[in-house]
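Chemist: Test case, fold it:
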Amino acid sequence: MPSSRTLHSSRREHVGARLWDRVRNSLLKPKVKLSMKFTSREFSLKRMPSRKQSGVFGVKIHVVTKRERSKVPLIVRQCVEEIERRGMDEVGIYRVSGVATDIQTLKAAFDSNNKDVSIMMREMDVNAIAGTLKLYFRELPEPLFTDELYPNFAGGIALSDSVAKESCMLNLLLSLPEPNLVTFLFLLDHLKR
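Modeler: Below is the predicted model:
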């Protein structure tokens, strides 16, 4: 029969082991603090223009095309060309996300007018290039179909008469600013391919 001293010592070791396990487990479990803030839908969906007009992200499309002396922004053309060169057999090219750091690297290169951006794109995953293209359109200060015409496009889509709908949509497309229309048609050709 163990003495009370041995029993007491054994119990202390057991309690100490449990305490050690608890301390070790609490060190291994990360603690996450979460705070939330309500933002109205109007404010969260508001597009913010870039503070610097020298880049391409967050800059109005007509400013970029005028600066580049082109009808379609260079970023759109280069991304589409690279995607068509090696991404046409990819499944979900615009659905699968690219690596965020690669997308941010390409964004910075396009914004700084880096001449080596086409070389950089050849070394990156094609999904990162597709992600950069999507980010460009997401960060436009005004949507491709413009704030002014967007309600009309939504109304045109809702028309039930197919002839009226086609006529309405065609007239609305032709009323877009030229850089927006040409860029849209360029993207439409790419998406058809």
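Chemist: In this structure, mark out all the helices, start to finish.
Modeler: 4-28, 41-44, 61-68, 74-86, 100-111, 117-123, 126-138, 150-157, 162-174, 178-192 (DSSP state H).
Chemist: winner for burial among those helices?
Modeler: Among these, the stretch with the highest mean neighbour count (mean count of other Cβ atoms under 10 Å) is helix 126-138, at a mean of 21. Any C-beta I mention is one placed from the backbone N, CA and C, and that applies to glycine too.
Chemist: chain center to that helix, what's the gap?
Modeler: Averaging C-alpha positions (Cα atoms, centre = their mean, to the nearest Å) puts helix 126-138 6 Å from its chain's average.
Chemist: which residues sit in contact with the residue most central in space within the chain?
Modeler: Residue closest to the mean C-alpha point of the chain, counted by Cα atoms, centre = their mean, is L135 at 4.1 Å. When the contact criterion is Cβ atoms under 8 Å, 6 or more residues apart in numbering, the partners of L135 are 57, 103, 107.
Chemist: Among those residues, pick out the one closest to M124, please.
Modeler: Nearest to M124 among the contacts of L135 is I103, at 8.9 Å by Cβ to Cβ.
Chemist: In contact with the closest one, which residues?
Modeler: So I103 contacts 128, 131-132, 135 (Cβ under 8 Å, 6+ apart).
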